[in-house]
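*Asks:* Sequence first, predicted model second:
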Amino acid sequence: MATDQTKTESVTIAVMGATGAGKSTFINLVSNSKLRVGYGLESCTSEVQVAPPFLLNGKMVTLVDTPGFDDTVKTEAEILRLIADFLAITYEQGRRLNGIIFLHRISDHRMGGVARKNFRLFRKLCGDDTLKNVVIVTNMWADVSQEVGKSRENELISNELFYKSALDKGAHIVRHDNTVASAHQILQEIVGFPPEPLLIQREMADEHKALAQTLVGIDLQTELQRQAAKHREELDGLKEEMAELMLSKDTKHKSELDELVDALSEVRGQLERVEEESRKIREQAESDRVAHEEQMRKLSNAMQTREKELRALEEQAQEQKTRIEEMQVALEAAELKARQEELRRQRLGDDMQASSAVYQEEIARLRKDFERKLEQARADSARVRERHVPPSQAQQQWSKVFAAQRERRGVFGAMSVMLESFWSSGMSR
Ligand SMILES: Nc1nc2c(ncn2[C@@H]2O[C@H](COP(=O)(O)OP(=O)(O)OP(=O)(O)O)[C@@H](O)[C@H]2O)c(=O)[nH]1
Ligand SMILES: [Mg+2]
């Protein structure tokens, strides 16, 4: 089992940027996930999405895909609500962001009002203290010449209207060439960042502020109020013009009047939308908030479940590895023992061969000695028979030899008994 010390560290990185900046593409590239990528003009990702975690540098990395503030369907207020709620709830559940990637297409000809507003909202969401964990990633380099790309990059870095002030306060800027290697390089830097709460997380989770009271919420409301005031002014102007035309009763102004009516209804529509958005941020209907929080909580729980699954798989793999290692050790020990046993047998065999040669030699020597003495005994016996003389000294000696040999066990003892009887019979004849 993996212990707490060996537990893989979790790293969470949010990917933000304008709609169509390539956020989902970047995440798919590194996490091998299949988040939907947009190919049309409409925004694609309109919810916060969590990619399946993957391992990088021994850390479990989870990337969070977000919709752009300039979504083609949802309003800025709705997008802000989605992102803010997700960040606040995950923060409450103890998950910290290690870094935030802000994607920027280097192929964009202009960094116009929408792009600038996007980044302004992003900065107010993060707060200045977290800028050191922000990495501005420029992509789509293949769509421009190096020269043009480089000059745009310089402008982005050095112009106060664009990224200069964020970079001065600790944000980083890097290039991405749409390869896995370059995405890994970017992430490898971020996984080393110590996690830092974003301003919106501190405001909503720690200080229990409503979104409308947060810095980014206030900014958005101010912006909406400015837009509403502008629309109201336009509306007043149009109304005045209309009144004048209607007073003139001149029929040749009929088409102008029609155009004015159209313009009036369009501006009125815009004003209503802006006011509705503004009202939503202010009111933050309780039922909406509860439903929304529930949705975000589910998302956050899904994140934890996926992480647990990965961790369990990792632990299983670790256990199997340990088991295999133990088996290998046992196998090596058994092999060593078998080799030692083989060696011992070989040595024993050599010893036995050596002692058997010694025995053979001894037997041959004894046999030779015996045959010599037997020969001599026969000769003595013949001599005795011829002369009828009492047993010679040799015969007496032989009797002693036989007596000694009788004491010996095994083949020599038996042979001695036989020879003595043979000898005695020879003597008595
Ligand atoms: N040339 C090039 N095209 C890219 C790159 N990254 C993304 N794209 C293309 O840009 C388009 C938009 O990509 P997405 O990944 O859907 O962008 P997104 O930021 O997730 O967009 P939303 O979900 O709408 O916010 C797709 O057609 C991608 O194929 C890149 O690095 N180079
Ligand atoms: Mg997307």
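*Replies:* On my side now, so go ahead. Numbers count the residues shown, from 1 in each chain. Ligands and ions are numbered 1, 2, ... in the order given.
*Asks:* packing partners for the longest helix anywhere in the chain?
*Replies:* If you go by DSSP state H, the chain has its longest helix at helix 286-387. Judged by 3 or more C-beta pairs under 8 Å, 6 or more residues apart in numbering; DSSP states H and E, helix 286-387 is in contact with strand 49-50, strand 59-65, helix 76-92, helix 393-407, helix 410-428. For every residue, glycine as well, the C-beta is placed using N, CA and C.
*Asks:* Lowest mean pLDDT among the helices and strands, pick that one out for the chain.
*Replies:* helix 410-428 (a mean of 59; mean pLDDT, DSSP states H and E).
*Asks:* How far does the helix or strand where Val15 lies sit from its chain's centre?
*Replies:* According to DSSP states H and E, Val15 maps onto strand 9-17. Distance, stretch centre to chain centre, for strand 9-17: 14 Å (C-alpha atoms, centre = their mean, to the nearest Å).
*Asks:* wait, does that strand make contact with ligand 2?
*Replies:* No - Strand 9-17 lies out of reach of ligand 2 by C-beta under 5 Å from the ion, never closer than 8.8 Å.
*Asks:* can you check stretch 54-63 too?
*Replies:* No - if you take C-beta under 5 Å from the ion as the test, stretch 54-63 misses ligand 2, and the best it gets is 11.7 Å.
*Asks:* just stretch 64-81 next, same as before
*Replies:* No - using C-beta under 5 Å from the ion, stretch 64-81 never reaches ligand 2; the gap is at least 5.8 Å.
*Asks:* quick one: that stretch near ligand 1?
*Replies:* Yes - applying C-beta under 6 Å from any ligand atom, one finds stretch 64-81 in contact with ligand 1 at Pro67, Gly68.
*Asks:* end-to-end on that stretch?
*Replies:* Start-to-end span of stretch 64-81 (C-alpha to C-alpha, to the nearest Å) is 16 Å.
*Asks:* And stretch 104-115, by the same measure?
*Replies:* Counting by C-alpha to C-alpha, the terminal residues of stretch 104-115 are separated by 9 Å.
*Asks:* next one: that stretch to chain centre, how far?
*Replies:* For stretch 104-115, the distance to the chain centre is 34 Å (C-alpha atoms, centre = their mean).
*Asks:* Stretch 336-351 now?
*Replies:* Distance of stretch 336-351 from the chain centroid (C-alpha atoms, centre = their mean) equals 49 Å.
*Asks:* picking up where we left off before, buried residues in the strand holding Val15, which are they?
*Replies:* Applying a neighbour-count criterion of 16 or more other C-beta atoms under 10 Å, one finds Ser10, Val11, Thr12, Ile13, Ala14, Val15, Met16, Gly17 buried in strand 9-17.
*Asks:* For the helix or strand following that strand, the averaged confidence score.
*Replies:* Counting by DSSP H and E, the next helix or strand C-terminal to strand 9-17 is helix 23-31. If you average the pLDDT over helix 23-31, you get 96.
*Asks:* and if you look at stretch 154-170?
*Replies:* pLDDT averaged over stretch 154-170 gives 97.
*Asks:* In it, which residues are buried?
*Replies:* So for stretch 154-170, counting by 16+ other C-beta under 10 Å, buried means Leu156, Phe162, Tyr163, Ala166, Leu167.
*Asks:* Same list (the residues you listed) but as JSON lines, adding distance to ligand 1.
*Replies:* Shown next, in JSON lines, are the buried residues of stretch 154-170 (distance: C-beta to the nearest ligand atom, whole Å):
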{"residue": "Leu156", "distance to ligand 1": "16"}
{"residue": "Phe162", "distance to ligand 1": "19"}
{"residue": "Tyr163", "distance to ligand 1": "18"}
{"residue": "Ala166", "distance to ligand 1": "19"}
{"residue": "Leu167", "distance to ligand 1": "21"}
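*Asks:* out of those residues, who's nearest Arg306?
*Replies:* Among the buried residues of stretch 154-170, Ala166 lies closest to Arg306 (C-beta to C-beta), at 31.6 Å.
*Asks:* if we can go back for a sec, now do the longest helix of the chain and helix 76-92, the angle between them.
*Replies:* If you take axes from the mean of the first three to the mean of the last three C-alpha atoms, to 10 degrees, helix 286-387 sits at 40 degrees to helix 76-92.
*Asks:* by how many degrees do helix 286-387 and strand 9-17 diverge?
*Replies:* Using the same axes, to 10 degrees, helix 286-387 lies at 140 degrees relative to strand 9-17.
*Asks:* For helix 286-387, the averaged confidence score.
*Replies:* Across helix 286-387, the average pLDDT comes to 82.
*Asks:* got it, and stretch 227-238?
*Replies:* On average, stretch 227-238 scores 87.
*Asks:* For that stretch, buried residues please.
*Replies:* Gln227, Ala228, His231, Glu234, Leu235, Leu238.
*Asks:* Keep only those of those residues that are in helices.
*Replies:* Short answer: these in helices (DSSP H) are Gln227, Ala228, His231, Glu234, Leu235, Leu238.
*Asks:* Give me every residue in this structure that's in contact range of ligand 2.
*Replies:* Counting by C-beta under 5 Å from the ion, the chain comes close to ligand 2 at Lys23, Ser24, Cys44, Thr45.
*Asks:* rerun at 8 Å
*Replies:* 19, 23-25, 35-38, 43-45, 49, 65, 67 (C-beta under 8 Å from the ion).
*Asks:* By neighbour count, which of these wins?
*Replies:* Neighbour counts for these (other C-beta atoms under 10 Å) peak at Lys23, which has 30 neighbours.
*Asks:* show me the residues around it that make contact.
*Replies:* Lys23 makes contact with Val15, Met16, Gly17, Thr45, Asp65, Thr66, Gly68, Leu103, according to C-beta atoms under 8 Å, 6 or more residues apart in numbering.
*Asks:* from the residues you listed, which two are the most distant?
*Replies:* By the measure C-beta to C-beta, Thr45 and Leu103 form the most distant pair in these, at 12.1 Å.
*Asks:* where does the spatially most central residue of the chain fall, helix, sheet strand or coil?
*Replies:* Of all residues in the chain, the one closest to the mean position by C-alpha atoms, centre = their mean is Leu55, 1.1 Å from it. Secondary structure, DSSP: H, G, I helix; E, B strand; the rest coil: Leu55 is strand.
*Asks:* hang on, it packs against Val61?
*Replies:* Yes - counting by C-beta atoms under 8 Å, Leu55 touches Val61, with 7.3 Å between them.
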